[in-house]
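Asks: Predicted structure and sequence below. I'll ask about it afterward.
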Amino acid sequence: MLRNLLALRQIAQRTISSASRRQLENKVAEKQKLFQEDNGIPVHLKGGIGDAFLYRATMILTVGGTAYTIYQLAVASLPKKQD
């Protein structure tokens, strides 16, 4: 039993340590150039279309949530009519 556990440990260790890793390209210098460029675009929108979409979606949710909250406060502040 112990011998089987030791063999399994060796196999698992060998598989993990000998697995080849993908080499990822370092893109930090490119991103620094993009975000430090003075082109009049706010930094939170310099990432492209994805950033613009997230910004607009956040603004829509914020404005919509604020409007809904004000509506609910107005409904709660008015008394219900007696039939």
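Replies: Good, I have the coordinates.
Asks: only C-alpha atoms for contact and neighbour calcs from this point on.
Replies: Noted.
Asks: The host helix or strand of residue 74: which residues count as buried?
Replies: Assessed by DSSP states H and E, residue 74 sits inside helix 49-77. Within helix 49-77, no residue is scored as buried using 16 or more other Cα atoms under 10 Å.
Asks: State the mean pLDDT of that helix.
Replies: Across helix 49-77, pLDDT averages out at 96.
Asks: from the chain's centre, how far out does that helix sit?
Replies: 19 Å (Cα atoms, centre = their mean, to the nearest Å).
Asks: just checking, next helix/strand downstream of the strand or helix carrying residue 3?
Replies: Using DSSP H and E, residue 3 maps to helix 2-18. Counting by DSSP H and E, the element after helix 2-18 in chain order, helix or strand, is helix 28-36.
Asks: Quick one: list the elements packing against that following helix.
Replies: Taking 3 or more Cα pairs under 8 Å, 6 or more residues apart in numbering; DSSP states H and E as contact, there are no helices or strands that helix 28-36 lies on.
Asks: Alpha carbons only: can I get it in CSV?
Replies: Presented in CSV, the C-alpha positions along helix 28-36 are these (Å, rounded to 0.1, in the frame of the first residue of the first chain):
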residue,chain,number,x,y,z
VAL,A,28,4.4,45.8,-20.4
ALA,A,29,6.4,48.2,-22.5
GLU,A,30,3.7,48.4,-25.1
LYS,A,31,1.0,49.1,-22.5
GLN,A,32,3.2,51.7,-20.9
LYS,A,33,3.6,53.6,-24.2
LEU,A,34,-0.2,53.3,-24.8
PHE,A,35,-1.3,54.6,-21.4
GLN,A,36,1.4,57.3,-21.1
